[in-house]
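Q: predicted model follows, preceded by the sequence.
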Amino acid sequence: RVTFAGDEEFPLLGGSVGYFGDRKAAVFLFRHRLHAITLLVFPPAGLSWPPAAPLPGARIAVAETSTRGFNVVVWRDAGLGYALVSDVNASDLLALAGRINPE
């Protein structure tokens, strides 16, 4: 469930169907300045999850990591898994996560 249709800071460019590991996922593409941000929404059952911390101003707890120059933020909500991936800084990804799953 993604009700955030983008705004001036994070416009929604489009979507498609893709994969997150071994499972199908809805894929949304947002933009932040000149950077692309990919949001994947997928069934989380059977996946191991890293420890998560509450996101200030939102009702979700997120886990952050970075690898190969990309930041990743993951969380679960209402029976779905979410992953944001981009080369933008982690604070921008956290701001977008809070808009996708607000209080």
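A: Looks like it came in fine. Numbering: from 1, shown residues only.

Q: where in the protein is pLDDT low?
A: 102-103 (pLDDT under 70).

Q: which residues does the residue nearest the centre of it bridge with?
A: When C-alpha atoms, centre = their mean is applied to the chain, the residue found nearest the centroid is residue 84 (2.8 Å). In this entry, residue 84 is beta-bridged to residue 39, residue 73, by DSSP bridges.

Q: list the contacts of it.
A: 37-39, 72-74, 93, 96-97 (C-beta atoms under 8 Å, 6 or more residues apart in numbering). C-beta coordinates here come from the backbone N, C-alpha and C atoms, glycine included.

Q: now with 7 Å, please.
A: 37, 39, 72-73, 93, 96-97 (C-beta atoms under 7 Å, 6 or more residues apart in numbering).

Q: reformat the residues you listed as TSV; add neighbour count and distance to residue 4.
A: Formatted as TSV, the contacts of residue 84 follow (neighbours: other C-beta atoms under 10 Å; distance: C-beta to C-beta, whole Å):
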residue	neighbour count	distance to residue 4
37	22	12
39	25	9
72	17	19
73	25	14
93	24	13
96	22	8
97	24	10
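
Q: which residue ranges form the helices in the protein?
A: 90-100 (DSSP state H).

Q: please report how far the residue located most distally from the centre of the chain lies from residue 86.
A: For the chain, the largest distance from the centre (C-alpha atoms, centre = their mean) belongs to residue 46, which lies 18.9 Å off. Taking C-beta to C-beta, to the nearest Å as the measure, residue 46 and residue 86 are separated by 26 Å.

Q: one more: residue 10?
A: Applying C-beta to C-beta, the value for residue 10 to residue 86 is 10 Å.

Q: repeat for residue 4
A: Relative to residue 86, and taking C-beta to C-beta, residue 4 is found at 15 Å.

Q: equivalent analysis for residue 99, please.
A: Distance of residue 99 to residue 86, given as C-beta to C-beta: 14 Å.
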